[in-house]
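A.B. asks: one predicted model, sequence on top.
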Amino acid sequence: MNNTDRLRRIFAEALNIKIETVIDSLEYNSIPEWDSVAHMSLVAAIDDGFDIMLETDDVIDMSSFAKAKEILGKYDVEF
Amino acid sequence: MLNGKYALITGANRGIGKAIVEIFARNKCNIIANSRTGGSLENLGSELKDQYRIKFHPLYFDVSDSDQVKESFKELIKITKDLDIVVNNAGVLVNNLLGMVSKKTINDVFSVNAFAAIYVMQYASRLMIKNQKGSIINISSIVGVAGNAGQVVYSGSKSALLGITRSAAKELAAYNIRVNSIAPGFIDTDMIKSLSPEKYKERFDSIKMKRLGTPEDVANCALFLASDLSSYITGQVIGVDGGMLI
């Protein structure tokens, strides 16, 4: 599984949404499932899934699936 | 009671923090102990590892420095990702009458006594969210509950910690993470040695049980809050003060 698929799966599981709906344009607060509470579950799942600890500024900036990929690039996760 | 769990305890090299480390270790809890002073936890760690067959990891960082907290959590996840318990114990005591309080004092005291707990909880809660369980214990003070003359800054910072505790408890309850606070009274630690004999007597005389509290009295309460015995308790402040009136 490549890292994009891995991240999509993490999003789908953490937000409890269908994996098909996890696309680059998926944005924070654009669906009921991705609210502030779910955001922290998502962050915890990303930390665990990629064995990193996202910095607080990155947690705040993670406003879309595309942005999440961009941020993970800073942690040497390649897409 | 805490068999195989992992606890991060800040300010662990002396006083209440050290007592919490010892009582948790006695209850078979693995310890990640924090102190600002490099090397100050090595002897304690060796003793506890030998005596109780637990894992003991010192982590030296300044809790009031958010960058150091962040870097330390990167180290912590190499030790374990299953952080079960956090005790935000590190604190500083400063007595200043109004009119003699510098801006630096306010910043320094609030940084250690209140802001640090937020820094630590931000990272710790993410590990706990993943596991859908955890207990966070914030060590406040009786003066955080009741206030005290000459301690506007100290009591303000400890009151802030109570607000932080109650809000974090509400925020994290959905993840089965409990957040509680302990408000110790007059406890026999280095912190009270700076008091004048008159102040000491005044404080002592206000304790209904007519004895000083011990660090172990506070640590026993922390053990209760860390364990499953308190599994339905969150957002609470427990006084450990022998009926002290202030």
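C.D. replies: Here it is on my side, so go on.

A.B. asks: could you check how far B:Asp241 is from B:Asp228?
C.D. replies: 25 Å (Cβ to Cβ, to the nearest Å). All C-beta atoms are positioned from the backbone trio N, CA, C, and that covers glycine.

A.B. asks: show me which residues of chain B are close to chain A?
C.D. replies: B:70, B:73-74, B:77, B:81, B:122-123, B:125-127, B:129-130, B:174-175 (Cβ under 8 Å from any Cβ of the partner chain).

A.B. asks: show me where the chain has helices.
C.D. replies: Since you didn't name a chain, this refers to chain A. A:3-15, A:36-50, A:56-61, A:65-73 (DSSP state H).

A.B. asks: other chain: chain B
C.D. replies: B:15-26, B:42-52, B:66-79, B:103-110, B:116-131, B:142-146, B:152-172, B:197-205, B:215-226.

A.B. asks: which residues does the fifth one contact?
C.D. replies: Here helix B:116-131 makes contact (Cβ atoms under 8 Å, 6 or more residues apart in numbering or on different chains) with A:40-41, A:43-45, A:47-48, A:53, A:56, B:8, B:10, B:63-64, B:66, B:69-70, B:73, B:76-77, B:81-84, B:86, B:88, B:90, B:134, B:136, B:138, B:161, B:164, B:168, B:172, B:175, B:177, B:179.

A.B. asks: same thing but at 7 Å, please
C.D. replies: A:40-41, A:43-45, A:47-48, A:53, A:56, B:8, B:10, B:63-64, B:66, B:69-70, B:73, B:81-83, B:86, B:88, B:90, B:134, B:136, B:138, B:161, B:164, B:168, B:172, B:175, B:177 (Cβ atoms under 7 Å, 6 or more residues apart in numbering or on different chains).

A.B. asks: that older thread, mind giving me the ChimeraX select for the residues of chain B next to chain A, buried ones only?
C.D. replies: To isolate the buried members of these in ChimeraX, using 16 or more other Cβ atoms under 10 Å in any protein chain shown:
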select /B:70,73,77,122,123,125,126,127,129,130,175
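
A.B. asks: and the two most separated of the residues of chain B next to chain A?
C.D. replies: Farthest pair in those (Cβ to Cβ) is B:Lys74 and B:Ala174. Separation: 26.3 Å.

A.B. asks: need the residues of chain A near chain B, please.
C.D. replies: By Cβ under 7 Å from any Cβ of the partner chain, the residues of chain A that approach chain B are A:37, A:40-41, A:43-45, A:47-48, A:53, A:55-56.

A.B. asks: okay, the residue nearest to B:Leu245 when sequence neighbours are not counted and chain A: tell me how far apart.
C.D. replies: Of all residues not flanking B:Leu245 in the chain, B:Ser206 sits nearest, at 5.1 Å (Cβ to Cβ, 6 or more residues apart in numbering or on different chains). As judged by Cβ to the nearest Cβ, to the nearest Å, B:Ser206 and chain A stand 42 Å apart.

A.B. asks: quick check: B:Ser206 touching B:Asp241?
C.D. replies: No. Using Cβ atoms under 7 Å as the test, B:Ser206 is too far from B:Asp241 to be in contact (9.5 Å).

A.B. asks: and those two? which has more neighbours close in?
C.D. replies: Neighbour comparison, B:Ser206 and B:Asp241: the larger count goes to B:Asp241, with 25 against 16 (by other Cβ atoms under 10 Å in any protein chain shown).

A.B. asks: dump the residue contacts of that one.
C.D. replies: Taking Cβ under 7 Å, 6+ apart, we find B:Asp241 in contact with B:142, B:183-185, B:213.

A.B. asks: again, only using 6 Å
C.D. replies: B:142, B:185 (Cβ atoms under 6 Å, 6 or more residues apart in numbering or on different chains).

A.B. asks: confidence score at it?
C.D. replies: With respect to pLDDT, B:Asp241 has a value of 97.

A.B. asks: for it, grab phi and psi.
C.D. replies: phi -140, psi 10 (degrees, to the nearest 10).

A.B. asks: returning to that earlier point: Throw the helices of chain A into CSV and include distance to B:Asn43, mean neighbour count and mean pLDDT, thanks.
C.D. replies: CSV is the format used below for those (distance: least, Cβ to Cβ, whole Å; neighbours: other Cβ atoms under 10 Å in any protein chain shown; pLDDT from 0 to 100):
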stretch, distance to B:Asn43, mean neighbour count, mean pLDDT
helix A:3-15, 43, 17, 97
helix A:36-50, 33, 19, 94
helix A:56-61, 34, 14, 95
helix A:65-73, 41, 18, 97
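
A.B. asks: save those helices as JSON lines, and put in distance to B:Arg36 too.
C.D. replies: Putting the helices of chain A into JSON lines (distance: least, Cβ to Cβ, whole Å) gives the following:
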{"stretch": "helix A:3-15", "distance to B:Arg36": "35"}
{"stretch": "helix A:36-50", "distance to B:Arg36": "26"}
{"stretch": "helix A:56-61", "distance to B:Arg36": "21"}
{"stretch": "helix A:65-73", "distance to B:Arg36": "31"}
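
A.B. asks: sorry, back to before: now, among the residues of chain A next to chain B, which is nearest to chain B?
C.D. replies: A:Ala44 (4.1 Å; Cβ to the nearest Cβ).
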